[in-house]
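# heads up, no residue letters with this:
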């Protein structure tokens, strides 16, 4: 039986689309693509994340390097931006460019680590407490409240921005979570060594 | 100086896109196209409306024939569906198919007339009072609360569905209005007779 960390990495290593949700609820949900893909040259548990509107997959609105690990008995996912991230747009579909991502390209996002727990056959993750994951949107700073649920069927996500002073919600998934179905499976790209306990 | 009705028809007869909003606020707003185009063979003030996700303009999620008129001193816009509407998908870009729309194809939507008032250089419209504009979404019936603002720069819209019994909001633009910029101008297709007072 595989470890929790191995199962989390296997569930994450895929592509996801909320096409059904978008087309069932026009015009309330943008059609979004989310992909997580192993980066074997980096520390164990490292995954490239790209999120894009389906209409423009080559210009992702978010690109990150996540790194899942077990620390002090709990599962966490570190969240890292990329220096000059436009260099890596589209790397999710380009093995050569994925392999070119090195440790020097990574920019840790303090306060933005996800804390993950097992729920049923899947996992639920939330940004760590502390209101320290600051993001800027059109000149305003907000702290991110973000969560995901993932299992073998798909993934649900909610992102919200809150005012650091008043804690008022400034933007985010008021209409409810994004609901993604799995479209691609990249589990085979996980190095075997990452899956050993 | 042209009449209010003529100016409303001229402002509506165009194409609109919220691309800027979508790309400034990922992933919160779907990228949507809205077009209104004159149907000269029908009663004066008749416009074909198509709304689609930008990613699939050929399969609109809403197609209507609107008809603007002055009645008892106020501007209103009648709202009509089309029988077997899939016959007309894409007609917005196909003059021959637009011309094939006849009165027998129209299905009046009771309770869904917009009441329009002039505000500044533009207009604001809202579904008539009475909670009678019923729409079904995934098996649940809601009444539509819908409004728009239009001027020479663009258009803003909000659609919400409310429970007919409790008046609770069931779905809709919680994240704020859609904000559209004008992309196409179809004023030249308005018959001159429609613009005379």
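Ah, there it is. Quick caveat: nothing in here was measured; it's all calculated off a predicted structure. Numbers count the residues shown, from 1 in each chain, chains lettered A, B, ... in the order given.

# which of the residues in the helix or strand harbouring residue A:79 are buried?
Assessed by DSSP states H and E, residue A:79 sits inside strand A:74-82. For strand A:74-82, the neighbour count (16 or more other CB atoms under 10 Å in any protein chain shown) marks A:75, A:76, A:77, A:78, A:79, A:80, A:82 as buried. Every C-beta, even on glycine, is put in place using the N, C-alpha and C of the backbone.

# Present those as JSON lines; the columns should include distance to chain B and pLDDT.
Below are these laid out as JSON lines (distance: CB to the nearest CB, whole Å; pLDDT from 0 to 100):
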{"residue": "A:75", "distance to chain B": "25", "pLDDT": "97"}
{"residue": "A:76", "distance to chain B": "24", "pLDDT": "98"}
{"residue": "A:77", "distance to chain B": "19", "pLDDT": "98"}
{"residue": "A:78", "distance to chain B": "22", "pLDDT": "98"}
{"residue": "A:79", "distance to chain B": "17", "pLDDT": "97"}
{"residue": "A:80", "distance to chain B": "19", "pLDDT": "98"}
{"residue": "A:82", "distance to chain B": "17", "pLDDT": "98"}
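
# which stretches of chain A aren't confidently modelled?
Scanning chain A for pLDDT under 70 picks out A:1, A:173-175, A:197.

# Can you name the residues of it that neighbour chain B?
Taking CB under 8 Å from any CB of the partner chain as the measure of proximity, chain A contacts chain B at A:22-32, A:51, A:53-55, A:61-62, A:137-138, A:171-175, A:178.

# Do a quick rundown of the helices in chain A.
Using DSSP state H, the helices of chain A run over residues A:4-12, A:19-24, A:95-99.

# what's around the nearest residue to residue A:39 once chain neighbours are set aside, how many residues?
Excluding the flanking residues, the one nearest residue A:39 by CB to CB, 6 or more residues apart in numbering or on different chains is residue A:46, at 4.4 Å. Neighbour count of residue A:46, defined by other CB atoms under 10 Å in any protein chain shown: 23.

# From residue A:57, how far off is residue A:46?
22 Å (CB to CB, to the nearest Å).

# got it, and residue A:130?
Relative to residue A:57, and taking CB to CB, residue A:130 is found at 33 Å.

# Ignoring the adjacent residues along the chain, who's closest to the most centrally placed residue in chain A?
Nearest residue to the geometric centre of chain A (CA atoms, centre = their mean): residue A:49, 5.6 Å. When the adjacent residues along the chain are set aside, residue A:49 lies closest to residue A:64, with 4.4 Å between them (CB to CB, 6+ apart).

# check contacts around that neighbour.
Residue A:64 is in contact with A:48, A:49, A:79, A:80, A:81, A:82, A:109, counting by CB atoms under 8 Å, 6 or more residues apart in numbering or on different chains.

# so what's the last one closest to, chain neighbours aside?
So the one you mean is residue A:109. residue A:79 (4.5 Å).

# what pairs with that neighbour across the strands?
Under the criterion DSSP bridges, residue A:79 forms beta bridges with residue A:66.

# Wait, it touches residue A:66, no?
Yes. Taking contacts as CB atoms under 8 Å, residue A:79 lies within contact range of residue A:66: 6.2 Å.

# who touches both of these two?
With CB under 8 Å, 6+ apart as the test, residue A:79 and residue A:66 both reach residue A:114.

# show me the contacts for the residue nearest to residue A:39.
A:38, A:39, A:65, A:66, A:67.

# before we move on, what about residue A:31?
A:17, A:18, A:19, A:22, A:23, A:53, A:54, A:55, B:30, B:53, B:55.

# Just the closest of those to residue B:162, please.
residue B:30 (21.1 Å; CB to CB).

# burial of the closest one, as a residue count?
Residue B:30 has 25 nearby residues by other CB under 10 Å.

# Tell me the bridge partners for the closest residue to residue A:11 other than its chain neighbours.
Closest residue to residue A:11 apart from its sequence neighbours, by CB to CB, 6+ apart: residue A:150 at 5.0 Å. Residue A:150 has the following beta-bridge partners by DSSP bridges: residue A:123, residue A:155.

# related to what we said a few turns ago, could you measure the residue nearest to residue A:109 against residue A:119, distance?
With CB to CB as the criterion, residue A:79 and residue A:119 are 20 Å apart.

# do residue A:17 as well
23 Å.

# Can you pick out the residue with more neighbours from the two?
Neighbour tally, residue A:17 and residue A:119, criterion other CB under 10 Å: the higher count belongs to residue A:17, 19 against 11.
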